[in-house]
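>>> One predicted model, sequence on top.
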Amino acid sequence: MFSNQLSTSPVSAAGWRRLPAGLAMIGAAVAFTSLYLAAGALTPLLVAYKHQWDFPPAMLNIAFAVYAIGFLAAALTLGSLSDYIGRRPVLIGALILQLISNVLFLVAADISWVIAGRIVQGIASGAATSAFTAALVELAPADKKRLGTILGSVSLTGGLAVGSVLAGLTIQLTPSANTIVFIILIALTVLGGVTVVASPETVVRTTGAARSLIPRITIPAAAREEFYASAPVVAGVWMLAGLSGGLAPNMVRSVFHLDSGFLGGVAGFVAPAVSTIIGLAFAKVESRRAMTIGIYASLLGGAGIIGGVFAGSLMIMFIGQAIAGVAFGASFTAALQLTFPLVAPHQRAGIVAAIYVVSYFAFGVPIVIEGQLIEPLGEIPAVVCYTALTLLLALTSLIAQTRLHRRAQASRHHSQEESR
């Protein structure tokens with residue numbers, strides 16, 4: 001949520017000059033991107049840790065999934081805090097946590113250090129994401145507000161994609177990938193923190209900060225039908241995102257028998273990269289149409305991933321992941337656009353929280369269960385069961401969306417008949 005009380009002066013209360021708006025916006029974008037570069041870098045690095053420390057596959061899944069727990073806990077409690085105490089305090093605190101997580105990864109001696117770092121990383125991202133998204137628009141010069149919005153969108157999924165492929169390339173080219181990656185990320189985080197400190201505050205402090213820490217998860221009656229029709233595919237596309245970030249890089253080695261850090265990075269790159277492009281390209285696509293496209297793309301993407309696994313073809317799996325990226329970019333944005341207009345402004349935080357709960361539950365919990373199934377079933381059957389569940393979820397949403405569409409058509413036809 002954006003505050004209605006904005007401070008646009010580049011001069012602080014203490015009297016010293018802040019960065020100009022354009023430079024502050026670019027600095028904030030670098031800081032925001034650094035959060036998701038780090039999250040994306042862990043995608044191939046987790047596989048390298050598994051090879052180095054020889055821990056069970058289930059632990060790799062846990063190390064991936066605990067990020068979602070930290071993110072969700074922070075997003076639900078701290079997501080609106082910057083509306084009350086200002087953007088800068090929240091962003092500085094989040095970047096300090098991000099710095100701590102990067103140091104934990106840098107000095108990690110075993111998987112327990114990585115798990116701790118992932119939890120802290122998730123908290124940092126969950127606390128900062130809404131504040132950075134708002135700050136990028138507020139810091140943008142008057143004629144560049146759209147650029148601020150675009151940077152807020154691209155920084156997240158684009159950061160995940162670029163972080164994964166660059167970390168994979170570093171693994172491929174050097175035996176010191178972990179050290180190189182996190183020294184660079186520490187430097188970026190420090191640079192971002194300095195920029196945030198030197199940027200103007202865009203929100204005037206108001207009362208209600210303590211109250212904002214209480215999670216409000218509500219599904220107003222007016223939006224329930226739409227929410228329940230969208231929730232299954234939202235869960236499905238976030239599960240596919242979890243597959244790309246948590247399972248696919250390890251599958252390059254364990255299923256396709258390719259010892260390539262770079263291909264592991266590509267496995268984590270494909271879906272978020274496509275999702276970034278689709279999210280921008282679909283900005284003006286009608287929401288119901290985008291949702292339908294997303295559902296069909298989810299079905300095709302899931303089927304492509306399963307087909308690639310059975311055919312032993314990494315390229316087919318990559319194509320399936322790319323289509324899954326289309327599904328994410330189209331359907332997740334559409335779910336927000338379809339539910340928002342149905343609720344009052346004061347109910348929007350609650351409905352967003354409900355969507356985030358569905359998203360991050362699906363992002364974290366199923367992948368942990370999949371890890372527990374590897375030993376009794378084997379890796380390929382476990383991945384197939386996981387992906388098949390995303391197909392069932394997409395089909396559930398397809399049925400619900402079809403019913404909503406038919407009902408809307410019948411209502412329009414009835415209205416036309418009455419007008420005659």
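Good, I have the coordinates.
>>> buried sites along stretch 42-62?
42-50, 55, 57-62 (16 or more other CB atoms under 10 Å). In short, each C-beta sits where N, CA and C put it, glycine included.
>>> Not counting sequence-adjacent ones, nearest residue to F182?
Once flanking residues are discounted, F182 sits nearest to L106: 4.1 Å by CB to CB, 6 or more residues apart in numbering.
>>> Correct me if wrong, but the one you found is in a strand.
No. Counting by DSSP: H, G, I helix; E, B strand; the rest coil, L106 falls outside a strand, being helix.
>>> burial measure for it, as a count.
Neighbours of L106 under the rule other CB atoms under 10 Å: 16.
>>> what helix or strand does V103 sit in?
Mapping V103 onto the secondary structure by DSSP states H and E places it in helix 87-107.
>>> so after the one helix or strand E138 maps to, what's the next helix or strand?
Per DSSP H and E, E138 falls inside helix 111-139. Downstream of helix 111-139, the next assigned helix or strand under DSSP H and E is helix 145-173.
>>> With only the CA atoms kept, save stretch 112-132 in PDB.
Extracted C-alpha coordinates of stretch 112-132, given in PDB (Å, rounded to 0.1, in the frame of the first residue of the first chain):
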ATOM      1  CA  SER A 112      22.700 -26.300   8.800                       C
ATOM      2  CA  TRP A 113      24.500 -23.000   8.100                       C
ATOM      3  CA  VAL A 114      22.800 -22.800   4.700                       C
ATOM      4  CA  ILE A 115      19.400 -23.500   6.200                       C
ATOM      5  CA  ALA A 116      19.900 -20.800   8.800                       C
ATOM      6  CA  GLY A 117      21.000 -18.400   6.000                       C
ATOM      7  CA  ARG A 118      17.900 -19.300   3.900                       C
ATOM      8  CA  ILE A 119      15.600 -18.500   6.700                       C
ATOM      9  CA  VAL A 120      17.200 -15.100   7.300                       C
ATOM     10  CA  GLN A 121      17.200 -14.500   3.600                       C
ATOM     11  CA  GLY A 122      13.500 -15.200   3.400                       C
ATOM     12  CA  ILE A 123      12.800 -12.800   6.200                       C
ATOM     13  CA  ALA A 124      14.800 -10.100   4.600                       C
ATOM     14  CA  SER A 125      13.000 -10.500   1.200                       C
ATOM     15  CA  GLY A 126       9.600 -10.700   2.800                       C
ATOM     16  CA  ALA A 127      10.200  -7.600   4.800                       C
ATOM     17  CA  ALA A 128      11.600  -5.600   1.900                       C
ATOM     18  CA  THR A 129       9.600  -6.600  -1.100                       C
ATOM     19  CA  SER A 130       6.500  -4.400  -0.600                       C
ATOM     20  CA  ALA A 131       8.500  -1.500   0.700                       C
ATOM     21  CA  PHE A 132      10.900  -1.600  -2.300                       C
END
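>>> For that stretch, give the mean pLDDT please.
Across stretch 112-132, pLDDT averages out at 94.
>>> ok, and for it, which residues are buried?
113-132.
>>> Same check on stretch 101-113?
In terms of neighbour count (16+ other CB under 10 Å), stretch 101-113 has its buried residues at 101-102, 104-106, 108, 111, 113.
>>> ok, back up a step: taking the mean pLDDT, what do you get for the helix holding V103?
Average pLDDT, helix 87-107: 95.
>>> on contacts alone, who are the packing partners of that helix?
helix 21-53, helix 82-85, helix 111-139, helix 177-198 (3 or more CB pairs under 8 Å, 6 or more residues apart in numbering; DSSP states H and E).
>>> okay if I get these as JSON lines plus distance to V383?
What follows is the helices and strands packed on helix 87-107, written out as JSON lines (distance: least, CB to CB, whole Å):
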{"stretch": "helix 21-53", "distance to V383": "15"}
{"stretch": "helix 82-85", "distance to V383": "39"}
{"stretch": "helix 111-139", "distance to V383": "21"}
{"stretch": "helix 177-198", "distance to V383": "25"}
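>>> Out of these, which is closest to R146?
Among the helices and strands packed on helix 87-107, the nearest to R146 by CB to CB is helix 111-139 (8.9 Å).
>>> how far out from the middle of the chain is the closest one?
Here the centre of helix 111-139 is set off from its chain's centre by 10 Å, with CA atoms, centre = their mean, to the nearest Å.
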